[in-house]
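Engineer: I would like the atomic coordinates for the input below:
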Amino acid sequence: MDAKRYLQYSEIGARLRACRKALHLTQEQLAERADISPAFVGHVERAEKVPSVETLTRLCVCMGVSMDYLVMGKRQSCDKESCMLYEDLKRILSAYSSDQKEQSPR
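Structural biologist: Numbers count the residues shown, from 1 in each chain. As a prediction, the model looks like this:
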């Protein structure tokens, strides 16, 4: 099965850009929050590179959107349990990101 048939990377990039701009974030600001390079944000927005699931998850958490929306364009309402899971994931990724920065050689 060819993933490109099912995933529209140009649409993912367009949704990413639209969400980022709606939050009044620059590519640099979003990249810093998601712990990726600003150039990579631009590449994803232009569908020049394909982000990993981990990177997509970080971008979603940073922007407060669901993976389902960013990847497929489907909006979901956030029930209480889903919102709690989202907050847990956000805390875990934040802690992971902090741990990685502390462990990186300078």
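
Engineer: please make it C-alpha for all contacts and neighbour counts, starting now.
Structural biologist: OK.

Engineer: middle-most residue in this structure, spatially?
Structural biologist: Leu59 (1.6 Å; Cα atoms, centre = their mean).

Engineer: chain neighbours aside, what residue packs nearest to it?
Structural biologist: Closest residue to Leu59 apart from its sequence neighbours, by Cα to Cα, 6 or more residues apart in numbering: Ala34 at 5.7 Å.

Engineer: does the one you found really touch Arg58, like I thought?
Structural biologist: Yes. If you go by Cα atoms under 8 Å, Ala34 and Arg58 touch, sitting 5.4 Å apart.

Engineer: this protein: helices as residue ranges?
Structural biologist: 3-6, 9-22, 27-34, 38-45, 53-63, 67-72, 80-103 (DSSP state H).

Engineer: elements contacting the fifth one?
Structural biologist: Contacts of helix 53-63 with other secondary structure elements, assessed using 3 or more Cα pairs under 8 Å, 6 or more residues apart in numbering; DSSP states H and E, are made with helix 27-34, helix 67-72, helix 80-103.

Engineer: and for the fourth one?
Structural biologist: Helices and strands in packing contact with helix 38-45 are listed as helix 9-22, helix 27-34; criterion 3+ Cα pairs under 8 Å, 6+ apart.

Engineer: of all those, which lies closest to Lys49?
Structural biologist: helix 9-22 (8.6 Å; Cα to Cα).

Engineer: list the buried ones in that closest one?
Structural biologist: Neighbour counts over helix 9-22 (16 or more other Cα atoms under 10 Å) mark Tyr9, Glu11, Ile12, Gly13, Ala14, Arg15, Leu16, Arg17, Cys19, Arg20 as buried.

Engineer: could you dump those residues to CSV with pLDDT and distance to Val41?
Structural biologist: Converted to CSV, the buried residues of helix 9-22 look like this (pLDDT from 0 to 100; distance: Cα to Cα, whole Å):
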residue, pLDDT, distance to Val41
Tyr9, 94, 13
Glu11, 94, 14
Ile12, 95, 12
Gly13, 96, 9
Ala14, 95, 11
Arg15, 94, 12
Leu16, 95, 9
Arg17, 95, 9
Cys19, 92, 12
Arg20, 91, 10
